[in-house]
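**Student:** pasting the sequence and the predicted model now:
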Amino acid sequence: MLPKTAAFAVLATLAMAQPLAAEEHYVLIMGEGFFPETSYVQDGDTIRFINSVEDVHSATARDGSWTSGDLASSGFFILDVAQGVKQSFTSSRDDTMSGQFIFGEAPLTD
């Protein structure tokens, strides 16, 4: 039988080894920007970009490393999030529209 401290150590190690559940984040492509402009993500999460306007739009990494391609109204694109994925993006139709995702927890607000 394991001593209590050894059993606790084994349980703690197993608990830490379990992956956290991935989340799916939603970013709406609006007529004048992305909503939300900033999403807080973790490795393994996904971001679902949804075109909520009637015009064709896209979400594209500023360096061109990924793109949703043209999305028709109500069209969507799912981006798998991993460290190293370019985090700032814009629309191919309007480069004044911009957004970003940040790895980590959202800051606490009052």
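**Tutor:** Nice, I can see it. This structure is a prediction, so every number in the text was calculated from the model and none was measured.

**Student:** give me the contact list for stretch 72-92.
**Tutor:** Residues outside stretch 72-92 that contact it (C-beta atoms under 8 Å, 6 or more residues apart in numbering) are 24, 29, 34, 41-63, 65-71, 97-103. Backbone N, C-alpha and C define where each C-beta goes, glycine included.

**Student:** by mean pLDDT, point me to the weakest helix or strand of the protein.
**Tutor:** Within the chain, no helix or strand scores below helix 4-17, which has a mean of 49 by mean pLDDT, DSSP states H and E.

**Student:** now for the host helix or strand of residue 48, which elements pack on it?
**Tutor:** Assigned by DSSP states H and E, residue 48 belongs to strand 46-51. When contacts are defined as 3 or more C-beta pairs under 8 Å, 6 or more residues apart in numbering; DSSP states H and E, strand 46-51 sits against strand 24-29, strand 76-80.

**Student:** for these, which one ends up most surrounded?
**Tutor:** Mean neighbour count (mean count of other C-beta atoms under 10 Å) peaks for strand 24-29 among the helices and strands packed on strand 46-51, with a mean of 17.

**Student:** how far off centre is the helix or strand just after that one?
**Tutor:** Heading C-terminal from strand 24-29, the first helix or strand you meet, by DSSP H and E, is strand 34-35. Mean-position distance between strand 34-35 and its chain equals 13 Å (C-alpha atoms, centre = their mean, to the nearest Å).

**Student:** what does strand 34-35 contact?
**Tutor:** If you take C-beta under 8 Å, 6+ apart as the criterion, strand 34-35 is touched by 27-28, 59, 89, 91, 97-99.

**Student:** give me the low-pLDDT residue ranges for the protein?
**Tutor:** Across the chain, residues meeting the criterion (pLDDT under 70) sit at 1-20, 110.

**Student:** any idea what the closest residue to residue 52 other than its chain neighbours is bridged to?
**Tutor:** Leaving aside its chain neighbours, residue 52 sits nearest to residue 28 (4.6 Å; criterion: C-beta to C-beta, 6 or more residues apart in numbering). As for beta bridges, residue 28 partners with residue 35, residue 50 under DSSP bridges.

**Student:** quick one: the most centrally placed residue in the chain from residue 108, how far?
**Tutor:** By C-alpha atoms, centre = their mean, the chain has its centre lying nearest to residue 47, at 4.0 Å. Applying C-beta to C-beta, to the nearest Å, the value for residue 47 to residue 108 is 22 Å.
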